[in-house]
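K.L.:
after the sequence you'll find the predicted model.
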Amino acid sequence: MYETYHINQRIRQRGITKRMIELTLEFGEVQADKIRLGSRRIKKILKDKKHIRQDLKKDLLKILDKGGLVVVASGSALITAYNWN
């Protein structure tokens, strides 16, 4: 997937890192053109994976602080991303 100019602008404005986008794409749930990684899902991942790597845990907790993350994609293009709340 490639990132559009628009998504790069928005993630800078909203304090979202590329790693957060990657985790949302990896662990999020797909609903139409949106990939959502909400707080319930993050808590479940942290609970289920007892021996989770510290860097992964740290990044998931950052997303949790934002209330979750939503990434909008169209085809192979990442269009935008925003905080769940």
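P.N.:
Right, received. Where do you want to start?

K.L.:
show residues contacting the longest helix seen in the chain.
P.N.:
Ranked by residue count and defined by DSSP state H, the top helix of the chain is helix 54-65. Here helix 54-65 makes contact (Cβ atoms under 8 Å, 6 or more residues apart in numbering) with T17, R19, M20, L23, T24, L37, S39, I42, K43, I45, L46, L69. To be clear about C-beta, it is placed using only N, CA and C from the backbone, and glycine gets the same treatment.

K.L.:
could you list the buried residues of the next helix or strand after it?
P.N.:
Moving toward the C-terminus from helix 54-65, the next helix or strand (DSSP states H and E) is strand 68-74. Residues of strand 68-74 classed as buried under the neighbour-count rule (16 or more other Cβ atoms under 10 Å) are G68, L69, V70, V71, V72, A73.

K.L.:
V30 versus the residue nearest to V72 when sequence neighbours are not counted, what's the distance?
P.N.:
Excluding the flanking residues, the one nearest V72 by Cβ to Cβ, 6 or more residues apart in numbering is I79, at 4.5 Å. For I79, the distance to V30 equals 14 Å [Cβ to Cβ, to the nearest Å].
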